[in-house]
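[1] Attaching a predicted model along with its sequence, questions to come.
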Amino acid sequence: MGDFVLKLDPSERITYVGKKLGEEPCPTTLKITNPTSDRQACKVKCTSNEMFRIRPPVFALKPGEETVVKLTFNAGKTVPDSGKHYFAVYYIKATDENKAPRACWSDHKGDPNGTKRLYVDFKKEEGDEKKEEDEKKEEEKKEGEEKKEGGEEKKEEEKKEEKKEEKKEEKKEEEKKEEEKKEEKKEEEKKEEKKEEEEKRSDTLQKEDKKEEEKKEDEKKEEKKEDEKKEEEKK
């Protein structure tokens, strides 16, 4: 995996600021620009889908194109410590213009071409009423634009796709655990086989020792008989 070539704004950290953090939804944005000469399929993920909402989570950028991703800290959540959570931006080359971004990711094998984490900071502070009102208007405006572009049906479709992606990730994780269990079982079987081999070897050695003892006993008996015979001849 090479250097991260997409341009991000902000480029290092995502900051949520507001006096009602955790009480009301708190939106912020991440601008992503593709400065390369290739079409890129991009994906934005987070450390907690319950805590954060990402719109859009998957998209494609043509050469020189940019998009703004809305990152919302959901209401009703305890404000965590800064630096605990992060958003991750991934991208892969997607030269086929007719191929949807999600299909590009589904068919992709291996690691992304680039990955970058943006850690999250939280600043709960008193803001003036005008700033809050402006942010609310801006949020309503963006919500309206989303409805115009795709409507509620598109949002529902995105939710279904997200759930599918999550299920795929869960299935992969389960398969990984199963593989680990199989490996552990194989390791245990190897240990058992080794133990059995050692026991067999020990039994063999014991049998050989017993034969050796019996042989010595026979030799002693023969010597005794020989001595007795000589005594008889002397008489």
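    Noted; the coordinates are in hand. Numbers count the residues shown, from 1 in each chain.

[2] any weak-confidence spans in the chain?
    The chain contains residues with pLDDT under 70 at 1-2, 126-134, 146-154, 235.

[3] repeat that for 80
    For the chain, the stretches with pLDDT under 80 are 1-2, 125-137, 141-156, 202-203, 209, 231-235.

[4] what domains does the record give for it?
    With domains defined by the TED database, the chain comprises 7-124, 187-234.

[5] For Lys190, grab the count of nearby residues.
    Burial of Lys190 is recorded as 10 neighbouring residues (other Cβ atoms under 10 Å). In this view, the C-beta of every residue, glycine as well, is placed from N, C-alpha and C.

[6] buried ones in stretch 6-22?
    Buried residues in stretch 6-22, defined by neighbour count with 16 or more other Cβ atoms under 10 Å: 6, 8, 14, 16, 18, 21-22.

[7] Go through the residues you listed and flag which are in helices.
    With helices taken from DSSP state H, there is no overlap with the buried residues of stretch 6-22.

[8] Let me know the closest of those residues to Lys43.
    Ranked by distance to Lys43 (Cβ to Cβ), the buried residues of stretch 6-22 are led by Leu6 at 11.5 Å.

[9] quick one: that closest one from Ile92, how far?
    Here Leu6 is placed at a distance of 11 Å from Ile92 (Cβ to Cβ, to the nearest Å).

[10] ditto for Glu223
    Separation of Glu223 from Ile92 (Cβ to Cβ): 88 Å.

[11] More neighbours: these two, which one.
    Neighbour totals were compared for Glu223 and Ile92, and Ile92 leads with 19 against 10 (other Cβ under 10 Å).

[12] you'd agree the more buried one is up against Gln40?
    Yes - here Ile92 lies in contact with Gln40, judged by Cβ atoms under 8 Å, at a distance of 7.0 Å.

[13] got any residues that touch both of the two?
    Residues touching both Ile92 and Gln40 (Cβ atoms under 8 Å, 6 or more residues apart in numbering) are Asn113.

[14] if you compare the domains of the chain, which one is most tucked away?
    Using mean count of other Cβ atoms under 10 Å, the stretch among the domains of the chain with the largest mean neighbour count is domain 7-124, at a mean of 16.

[15] mind listing the strands for this protein?
    Chain-ordered strands for the chain, with DSSP state E as the definition, fall at 7-9, 13-17, 26-33, 40-46, 52-55, 58-61, 66-73, 86-93, 114-123.

[16] Any chance of those in a markdown table with distance to Lys186 as columns?
    As requested, those are exported to a markdown table (distance: least, Cβ to Cβ, whole Å):
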| stretch | distance to Lys186 |
| --- | --- |
| strand 7-9 | 44 |
| strand 13-17 | 44 |
| strand 26-33 | 44 |
| strand 40-46 | 33 |
| strand 52-55 | 40 |
| strand 58-61 | 38 |
| strand 66-73 | 44 |
| strand 86-93 | 33 |
| strand 114-123 | 33 |
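
[17] and Glu174, which of the ones you listed is closest to it?
    strand 40-46 (19.0 Å).

[18] Lys137: which of the domains of the chain is closest?
    Closest to Lys137 of the domains of the chain, according to Cβ to Cβ: domain 7-124, at 12.0 Å.

[19] how long is the closest one from one end to the other?
    With Cα to Cα, to the nearest Å as the measure, domain 7-124 spans 28 Å from end to end.

[20] now that domain, how far from the centre of its chain.
    Domain 7-124 sits 17 Å away from the centroid of its parent chain (Cα atoms, centre = their mean, to the nearest Å).

[21] mind listing what Lys160 touches?
    So Lys160 contacts nothing (Cβ under 8 Å, 6+ apart).
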